[in-house]
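Asks: Need coordinates for the below:
(one chain, ligands or ions: 1)
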Amino acid sequence: MLDFRPLEYKQNENSITILDQTQLPGKETYVCLKTVDDVYNAIKNMKLRGAPLIGIAAAYGVVLTAHSNALESILEAADYLGTARPTAVNLFWAIKRMKDVAVKSKNLFEELLKEAQAIEQEDRNACQYIGQYGSELVKVRAKIMVYCNAGALATSGIGTALGIIYTAEKQNKKPVVYACETRPLLQGARLTSWELTKNRIKTYVISDNMAATYMPKMDLAVVGADRIALNGDTANKIGTRGLAIIARYNNVPFYVAAPLSTFDFSIETGTEIPIEMRFEDELRKFNNKKIVADRAEIYNPAFDITPADLISGIVTEKGIIEQPDRTKIERLKNSGLNEYL
Ligand code: MRU
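Replies: Predicted coordinates for the structure are as follows:
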């Protein structure tokens with residue numbers, strides 16, 4: 001299973017090799033990142049993406065600077081990486097961890113490397129637990145609708161939403177996945193279909209506007225998250241909110257799968273989550289060809305907010321929070337499981 005790594009830090013070269021996700025599924029191209037600018041651009045241009053993975057990339061991005069720079073420049077580089085994308089809180093969570101280590105450190109490179117490796121390993125473990133807990137929601141031959149890509153391509157492990165599916169497959173439940181294509185960048189069509197079929201999971205890709213028609217046939221819908229507020233409101237790829245509404249209308253359980261690093265305990269509700277606006281051309285063009293009239297304006301937010309009351313539960317590495325609300329999430333916060341938020 002999983003014979004690819006979306007990101008690998010190479011200590012002998014002090015560089016990061018990433019699988020260029022903009023080239024999938026056509027080409028499996030690996031790109032070497034050597035500078036903080038390389039890492040910033042790879043995140044911004046979505047050569048690598050997914051909330052946990054951009055946090056891990058930023059952590060190693062800080063390591064790249066640590067050999068030859070003084071503390072002040074390292075902290076500057078860390079802040080710069082934090083401007084690459086605004087919504088996924090994992091990015092800021094990882095950067096804060098790296099900065100906290102840097103300011104206390106006597107041996108910058110070694111200690112920063114150790115912290116980045118810890119962030120990567122913790123994410124791998126979290127995916128494993130999310131898979132275990134989440135697989136309890138999956139019955140034999142379940143039909144599951146997913147959105148965007150919350151898989152191995154978006155984490156250092158087996159993924160969050162897709163981690164549940166891989167775990168269910170391992171348990172011989174033979175889940176069947178309906179992956180929404182996820183306009184405009186097609187993470188569902190390009191990336192989710194690539195990694196699921198590579199791992200021999202039966203996968204149908206449907207266009208986003210087919211979701212309402214197919215939802216009544218589903219046993220479960222599960223998505224990832226970029227940031228979860230204290231009351232359970234969840235930011236994820238634009239279109240997730242619509243899917244949650246469709247799931248509720250059809251009485252299909254709608255679950256979010258996310259590690260604790262995706263919770264932002266400092267904000268009360270989803271209205272406080274900054275939504276990334278992306279380049280116009282992502283919508284204006286398709287395959288580099290203009291498909292929108294020149295005079296038409298473009299509106300291209302990358303994420304939306306799904307209100308907590310549309311979410312049946314949040315699958316975390318500590319268990320499933322059924323019908324998430326402020327009290328339950330505060331309990332998680334107060335258990336001191338994640339001192340960085
Ligand atoms: O814009 P992207 O491709 O980075 O958006 C990714 C998502 O919305 C994922 O669902 C989310 O980051 C969770 S990945 C485990």
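
Asks: what's the helix or strand for Val63?
Replies: helix 51-66 (DSSP states H and E).

Asks: per-residue confidence averaged over that helix?
Replies: The average pLDDT within helix 51-66 is 98.

Asks: ok, now stretch 201-208?
Replies: pLDDT averaged over stretch 201-208 gives 98.

Asks: give me the number of residues near Gln11?
Replies: The local packing count at Gln11 equals 10, with neighbours defined by other CB atoms under 10 Å. Bear in mind the C-beta positions are built from the backbone N, C-alpha and C, glycine included.

Asks: Next: Glu282.
Replies: 15.

Asks: That one against Gln187, yeah?
Replies: No: in this structure, Glu282 is not within contact of Gln187 by CB atoms under 8 Å, at 11.8 Å.

Asks: mind checking how far Ala154 is from the ligand?
Replies: To the ligand, Ala154 is 4 Å away according to CB to the nearest ligand atom, to the nearest Å.

Asks: if I pick the residue nearest to that residue when sequence neighbours are not counted, what's in contact with it?
Replies: Setting aside the residues directly before and after it, Ala154 is nearest to Gly50 in space (CB to CB, 6 or more residues apart in numbering), at 2.2 Å. With contacts defined as CB atoms under 8 Å, 6 or more residues apart in numbering, Gly50 is in contact with Pro6, Ala88, Asn149, Ala150, Gly151, Leu153, Ala154, Thr155, Gly224.

Asks: can we see that at 10 Å?
Replies: 6, 21, 56-57, 88, 90, 148-155, 159-160, 187, 191, 224, 226, 237 (CB atoms under 10 Å, 6 or more residues apart in numbering).

Asks: Now intersect those residues with the strands, please.
Replies: Lys237 (DSSP state E).

Asks: Phi, psi for the residue nearest to Ala154 please.
Replies: Backbone torsions for Gly50, taken as degrees, to the nearest 10, come to phi 90, psi 130.

Asks: Near the ligand, which residues of the protein are found?
Replies: Residues of the chain lying close to the ligand (CB under 6 Å from any ligand atom) are 49-52, 88, 148, 150, 154-155, 160, 187, 224-226, 236-237, 302.

Asks: and with 5 Å instead?
Replies: Listed as neighbours of the ligand in the chain under the rule CB under 5 Å from any ligand atom: Arg49, Gly50, Ala51, Cys148, Ala150, Ala154, Thr160, Gln187, Gly224, Asp226, Asn236, Lys237.

Asks: re earlier: if I look at Glu282 and Gln187, which residues touch both of them?
Replies: With CB under 10 Å, 6+ apart as the test, Glu282 and Gln187 both reach Met46.

Asks: Can you check the pLDDT for Leu2?
Replies: Confidence at Leu2, expressed as pLDDT, is 75.

Asks: count of neighbours near it?
Replies: Using other CB under 10 Å, Leu2 has 15 neighbouring residues.

Asks: Distance of it relative to Leu153?
Replies: 10 Å (CB to CB, to the nearest Å).

Asks: what touches both of the two?
Replies: Joint contacts of Leu2 and Leu153 (CB under 10 Å, 6+ apart) are Gly159, Glu195.

Asks: before we move on, what SS does Cys32 have?
Replies: The three-state assignment at Cys32 reads strand, by DSSP: H, G, I helix; E, B strand; the rest coil.

Asks: Can you get me a residue count around it?
Replies: Neighbour tally, Cys32, other CB under 10 Å: 11.

Asks: Which strand residues bridge it?
Replies: Thr17 (DSSP bridges).

Asks: For Asp3, see how far away it is.
Replies: If you go by CB to CB, the gap between Cys32 and Asp3 works out to 20 Å.

Asks: about what we covered before: just the C-alpha atoms of the helix holding Val63, please, in CSV.
Replies: Provided in CSV are the C-alpha atoms of helix 51-66 (Å, rounded to 0.1, in the frame of the first residue of the first chain):
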residue,chain,number,x,y,z
ALA,A,51,-3.7,21.0,5.4
PRO,A,52,-1.4,18.6,7.3
LEU,A,53,1.1,18.4,4.4
ILE,A,54,1.5,22.1,4.1
GLY,A,55,2.3,22.3,7.8
ILE,A,56,4.9,19.6,7.5
ALA,A,57,6.4,21.3,4.4
ALA,A,58,6.7,24.6,6.3
ALA,A,59,8.3,22.9,9.2
TYR,A,60,11.0,21.4,6.9
GLY,A,61,11.1,24.8,5.1
VAL,A,62,12.3,26.3,8.4
VAL,A,63,14.9,23.5,8.7
LEU,A,64,16.3,24.5,5.2
THR,A,65,17.3,27.9,6.6
ALA,A,66,18.7,26.6,9.9
